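Student: Structure, please.
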Amino acid sequence: MKSGTIQRSACSFFNGLVPVVVVLLMAACGSRAADWQDYEREETVGRLGANPANTPVNQWLTPAGLQVELPELRPQALALSPDGRLLVTAGKTQELVVVQPKQGAVLQRVRLPSSNLHLAACRT
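Tutor: Numbers count the residues shown, from 1 in each chain. So this is what the prediction gives:
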């Protein structure tokens with residue numbers, strides 16, 4: 001067999017294979033199109049019922065236990081009393097919040113001085 005004949009045979013083989021591959025890829029992508037549409041729908045972010053919540057990055061959370069709403073606090077520090085009766089938390093706001101964990105009741109909110117007052121006191 002001459003090299004020209006081998007090249008023509010290889011080219012005709014690949015030319016016949018290309019449409020088959022394209023059809024298979026289109027079929028595979030077509031089955032994924034419905035999955036992709038699921039990501040494009042708009043959903044409510046936040047608590048959705050008793051416990052489930054949806055985050056802005058489309059993560060579904062179903063926390064165990066009692067959830068206590070602490071609007072705008074974004075807790076960043078927690079301290080639980082040794083007997084487990086009190087939980088104190090602080091976050092992005094300038095306050096400490098005392099919570100009764102078993103009942104989920106906010107017992108007290110303590111305003112903290114702003115950091116500007118602290119800086120002014122340090123300068124004098």
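
Student: From now on I want contacts and neighbour counts done on CA atoms only, so please keep to that.
Tutor: Will do.

Student: Name whatever forms a beta bridge with Arg111.
Tutor: Beta bridges link Arg111 to Glu95, judged by DSSP bridges.

Student: residue ranges for the strands of this protein, please.
Tutor: With DSSP state E as the criterion, the chain has strands at 46-47, 53-54, 60-61, 77-80, 87-90, 95-100, 105-111.

Student: can you tell me which of these comes nearest to Val68?
Tutor: Of all the strands of the chain, strand 105-111 sits nearest to Val68, with 7.6 Å by C-alpha to C-alpha.

Student: looking just at contacts, which helices and strands does that closest one meet?
Tutor: Applying 3 or more C-alpha pairs under 8 Å, 6 or more residues apart in numbering; DSSP states H and E, one finds that strand 105-111 makes contact with strand 95-100.

Student: what sits against Leu61?
Tutor: When contacts are counted by C-alpha atoms under 8 Å, 6 or more residues apart in numbering, Leu61 touches 52-55.

Student: repeat that with 7 Å
Tutor: Contact analysis of Leu61 by C-alpha atoms under 7 Å, 6 or more residues apart in numbering lists 52-54.

Student: Buried only: go through those for me.
Tutor: The neighbour count (16 or more other C-alpha atoms under 10 Å) marks 53-54 as buried among the contacts of Leu61.
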